[in-house]
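S.K.: Sequence and predicted structure below; questions after.
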Amino acid sequence: MTQPASVSADNADQIEYWNSGPGAKWVANQDALDATFADVKNRLLERSAVRAGERVLDIGCGAGATTLDLARRVGPSGSILAVDVAAPLLARARARAAEAGLNNVDFVLGDAQVHAFAPEAFDLMASRFGVMFFSDSVRAFANIAAALNPGGRVAFVSWSDAERNPWFAIPARVAAARLGAPAPVPPNSPGPMAFSDTAYTRGILTKAGLKDIEAHTEEIQLTVPGALGDVVKLATSLGPVSRIMKEREGTPEDLAAIARDLEGELAGFMTDTGFRIPATLIFYRAAKS
């Protein structure tokens, strides 16, 4: 496994996770995931108010969908530094930038909680689902804030709680019915729903030295491409099903049974124009004090 140059020991589990099977699965499903989260990305970019010529820090850049759009928006007079702990995803993002002929993007395999960013070097930090995995979120956001210019901005999007996001809740319930519930984790633990509590998240951002904090909850429709079988394949490859399968040592027979049950559960979200499933997201904005 390729390790980031600077790593917080407390983030070792997350780094191991994203550099093992899940990272490769995200690369393999890049096109489907880009389509699923396209509206999320576009809303984030609108809320970030990124401008030509700005220097942007993209944290948790993944396979680069947001990175590429940011690079186009800042133009040749601006620049993007895209950071991720997952070597497979970063390699794909780098390749996509080269394929698109974007020369204003640099990539860093690094842990943003401890990475030595240049001080006061960026106008904006943007992140689509990339900042909910830190072991010490206050330390991470303080480190990011130190990299922002005075008045620099923060804009990121995270998930609300699982009960308001059937894309997580339904696969988790179906997998648990087959294999048993996963081990409980403390509230606000690193993971997709870590920032679902807006009061908790505001506290983190305040302690990190950020101000003018906004938290805007939006309900949208995720548009997962393909037929129902394609949707089920994606849902069983990533997310709660993958985690429960690993934790409970599920077999191929278990996965096939989960897929059959999940197909029945998700069929009601198929429409004449494809698969549509509701999601509740939280868009956060803040500024450097």
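M.R.: Ah, there it is.
S.K.: Other residues contacting the strand or helix carrying residue 219?
M.R.: Following DSSP states H and E, one finds residue 219 within strand 210-224. If you take C-beta atoms under 8 Å, 6 or more residues apart in numbering as the criterion, strand 210-224 is touched by 32, 35-40, 43, 47, 141, 145, 154, 160, 167, 198, 201-202, 205-206, 230-231, 234, 274-289. Just so you know, the C-beta spots here come from the backbone N, C-alpha and C atoms, and that holds for glycine as well.
S.K.: mind redoing it with 6 Å?
M.R.: Applying C-beta atoms under 6 Å, 6 or more residues apart in numbering, the external contacts of strand 210-224 come out as 36, 39, 145, 167, 198, 202, 205, 231, 275-277, 279-287, 289.
S.K.: In helices, which of those residues fall?
M.R.: 36, 39, 145, 167, 198, 202, 205, 231 (DSSP state H).
S.K.: For those, work out which two are farthest apart.
M.R.: Largest separation among the ones in helices among the contacts of strand 210-224 by C-beta to C-beta: 145 and 231, giving 38.8 Å.
S.K.: Can you show me the strands along the stretch 51-200 of the chain?
M.R.: 55-59, 79-84, 105-109, 122-128, 148-159 (DSSP state E, counting those that start in this stretch).
S.K.: List the buried residues for stretch 273-284?
M.R.: 275, 277, 279-284 (16 or more other C-beta atoms under 10 Å).
S.K.: Closest to residue 176 out of these?
M.R.: residue 277 (19.0 Å).
S.K.: Looks like the closest one contacts residue 267 (just checking).
M.R.: No. With contact defined as C-beta atoms under 6 Å, residue 277 and residue 267 do not form a contacting pair (11.5 Å).
S.K.: Kindly tell me how buried residue 107 is, as a neighbour count.
M.R.: Counted by other C-beta atoms under 10 Å, the residues lying close to residue 107 total 19.
S.K.: Quick one, grab the pLDDT at the residue of the chain positioned farthest from its centre.
M.R.: Ranked by distance from the centre of the chain (C-alpha atoms, centre = their mean), the top residue is residue 253, with 29.9 Å. Note on residue 253: pLDDT of 98.
S.K.: Run through the residues that contact it.
M.R.: By C-beta under 6 Å, 6+ apart, residue 253 lies in contact with nothing.
S.K.: So it: helix, strand or coil?
M.R.: helix (DSSP: H, G, I helix; E, B strand; the rest coil).
S.K.: what about residue 91, distance to residue 225?
M.R.: Here residue 91 is placed at a distance of 24 Å from residue 225 (C-beta to C-beta, to the nearest Å).
S.K.: can you check residue 246 too?
M.R.: 26 Å.
S.K.: ok, back up a step: more crowded one of residue 145 and residue 231?
M.R.: residue 231 (24 against 20).
S.K.: does the more buried one really touch residue 274, like I thought?
M.R.: No. The pair residue 231 / residue 274 is not scored as a contact, 9.1 Å apart, by C-beta under 6 Å.
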